[in-house]
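K.L.:
Show me the folded form of this:
(2 chains)
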There are 2 protein chains.
Amino acid sequence: MRVVVLRLGHRPERDKRITTHVGLVSRAFGAEEMLMDGRDPSVEESLADVVERWGGSFRLKADVSWKGEAARWKETGGKVVHLTMYGSRLVDVLTDIRSHERIMVVVGAEKVPAEIYQLADWNVAVGNQPHSEVAALAVFLDHLMEGQELTKNFDGGLEIIPSPKGKQVIGHRPGQL
Amino acid sequence: MRVVVLRLGHRPERDKRITTHVGLVSRAFGAEEMLMDGRDPSVEESLADVVERWGGSFRLKADVSWKGEAARWKETGGKVVHLTMYGSRLVDVLTDIRSHERIMVVVGAEKVPAEIYQLADWNVAVGNQPHSEVAALAVFLDHLMEGQELTKNFDGGLEIIPSPKGKQVIGHRPGQL
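P.N.:
Residues are numbered from 1 along each chain as shown, chains lettered A, B, ... in the order given. Okay, here's the model as predicted:
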């Protein structure tokens, strides 16, 4: 399965850290790319730094037209899932979503354009309570990937050895620890 | 099962929105309380506002001594789980954790005191990659509650009817919508 994340409505003055977390979750939970309808150098730097040190081929594409990207995704056979607390219950639609090969997950900030509800193939709620787009994305991807993403090998310069107490990190490149 | 969340190392100048998301996730994913080793009026207001409108009995306790709270929790038979990317894999410890009745989940900001690794009964990684304490908490609680939290009724003034397109909200109190 191929997954990309589309981040809508990023406000540089408020959302730097939340959007960075959306990007890091996208990478760690198995998405291959995050698209943004804007640009924020601090988000770009944080994500590039993690990819550089921890591996993988995750990419950020800034300043996209969200409508253009979503429309092209659908025209080429992909499906669009919009995460919103107003949507269908995750358990009711997950099997259907999982039967498709290419999924774009749309994650909004506080306000999203009304059109996205129509454009999406599914509007999906990870619980119908207000909480966090970071949490909704992580739980959705975890269910979509059935937990397989949590043990994915990123082939990075740094690698953690899971440990019950303390920290064990292997540096695969000279001078990296 | 009773779950509380302990938020460590909140920095008001950086973490307002992340800590608010940690609190909202705690509530939405079934914890009864969030403890903080500091105070931030904007976090308090955001959480109080959600509880007022959306229901439930979730509480925030600010300015706690984290060591005192964790020690008392353990002395009275509770268990402490520290979420960290360096910890044991979630799948390897979840069954053991789930056999206990009272769980305190510790969620740090960027730096945490080294003592917490020793004090915790389990250090648990939701994936051994850098991502987000908001995401780690949500995925951990989702696995702990086996997804049951996503359909919990909060008996609030506002209630969402899950909907494939658009928004359907019931106001159970006059003038609330």
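K.L.:
Without its sequence neighbours, what residue ends up closest to the residue nearest the centre of chain A?
P.N.:
Most central in chain A under C-alpha atoms, centre = their mean is A:Ser26, positioned 2.7 Å from the mean C-alpha point. Distances taken as C-beta to C-beta, 6 or more residues apart in numbering or on different chains put A:Val5 closest to A:Ser26, at 4.2 Å, once the chain neighbours are dropped. Where C-beta positions appear, they are placed from N, C-alpha and C, glycine not excepted.
K.L.:
for chain A, which strand is longest?
P.N.:
strand A:79-89 (DSSP state E).
K.L.:
With only the CA atoms kept, save that strand in CSV.
P.N.:
The C-alpha trace of strand A:79-89 is given here as CSV (Å, rounded to 0.1, in the frame of the first residue of the first chain):
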residue,chain,number,x,y,z
LYS,A,79,-8.5,7.2,-2.9
VAL,A,80,-8.8,10.2,-0.5
VAL,A,81,-9.5,9.9,3.2
HIS,A,82,-10.3,13.1,5.2
LEU,A,83,-9.8,12.8,8.9
THR,A,84,-12.4,14.7,10.8
MET,A,85,-14.2,14.2,14.1
TYR,A,86,-17.5,14.6,12.2
GLY,A,87,-16.9,11.6,10.0
SER,A,88,-17.8,7.9,9.9
ARG,A,89,-16.5,5.7,12.6
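K.L.:
How far off centre is it?
P.N.:
14 Å (C-alpha atoms, centre = their mean, to the nearest Å).
K.L.:
State the mean pLDDT of it.
P.N.:
For strand A:79-89, mean pLDDT is 98.
K.L.:
Could you do stretch A:53-67 as well?
P.N.:
97.
K.L.:
got the contact list for it?
P.N.:
A:6, A:8, A:23, A:26-27, A:31-40, A:43-44, A:47-48, A:51, A:106, A:115, A:119, A:154-158, A:176, B:129-130 (C-beta atoms under 8 Å, 6 or more residues apart in numbering or on different chains).
K.L.:
A:Arg2 - how many residues pack around it?
P.N.:
By the measure other C-beta atoms under 10 Å in any protein chain shown, the count of residues near A:Arg2 is 13.
K.L.:
Over to A:Asn123?
P.N.:
There are 26 residues near A:Asn123, going by other C-beta under 10 Å.
K.L.:
Am I right that it falls within a strand?
P.N.:
Yes. Counting by DSSP: H, G, I helix; E, B strand; the rest coil, A:Asn123 is part of a strand.
K.L.:
which one is it nearest to, not counting chain neighbours?
P.N.:
In space, A:Asn123 is closest to A:Gly87, 3.5 Å off (C-beta to C-beta, 6+ apart).
K.L.:
Tell me which other helices or strands the longest helix seen in chain A touches.
P.N.:
Longest helix in chain A by number of residues (criterion: DSSP state H): helix A:12-28. With contacts taken as 3 or more C-beta pairs under 8 Å, 6 or more residues apart in numbering or on different chains; DSSP states H and E, helix A:12-28 sits against strand A:2-8, strand A:33-36, helix A:41-54, helix A:133-144, helix B:12-28, helix B:133-144.
K.L.:
Tabulate the ones you listed (a markdown table), appending distance to B:Val124.
P.N.:
Shown next, in a markdown table, are the helices and strands packed on helix A:12-28 (distance: least, C-beta to C-beta, whole Å):
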| stretch | distance to B:Val124 |
| --- | --- |
| strand A:2-8 | 25 |
| strand A:33-36 | 26 |
| helix A:41-54 | 19 |
| helix A:133-144 | 14 |
| helix B:12-28 | 16 |
| helix B:133-144 | 7 |
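K.L.:
A:Lys111 is nearest to which of these?
P.N.:
strand A:2-8 (9.1 Å; C-beta to C-beta).
K.L.:
before we move on, the earlier item: list the residues that contact the residue nearest to A:Ser26.
P.N.:
Contacts of A:Val5 by C-beta under 8 Å, 6+ apart are A:22-23, A:26, A:31, A:33-35, A:104-107, A:137.
K.L.:
quick one: low-confidence parts of chain A?
P.N.:
A:177 (pLDDT under 70).
K.L.:
Swap in 50 and give it another go.
P.N.:
Judged by pLDDT under 50, chain A has no weakly predicted residues.
K.L.:
Dump stretch A:113-128 to CSV, keeping only the CA atoms.
P.N.:
Extracted in CSV, the C-alpha atoms of stretch A:113-128 (Å, rounded to 0.1, in the frame of the first residue of the first chain):
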residue,chain,number,x,y,z
PRO,A,113,-12.5,24.2,3.2
ALA,A,114,-16.0,22.7,3.1
GLU,A,115,-15.2,21.2,-0.4
ILE,A,116,-12.9,18.6,1.2
TYR,A,117,-15.9,16.8,2.7
GLN,A,118,-17.3,16.2,-0.8
LEU,A,119,-14.0,15.6,-2.5
ALA,A,120,-13.0,12.9,0.0
ASP,A,121,-14.0,9.3,-0.7
TRP,A,122,-14.3,8.9,3.0
ASN,A,123,-14.6,11.3,5.9
VAL,A,124,-13.3,9.4,8.9
ALA,A,125,-13.5,10.1,12.6
VAL,A,126,-10.9,8.6,15.0
GLY,A,127,-13.4,9.0,17.8
ASN,A,128,-16.1,11.6,17.6
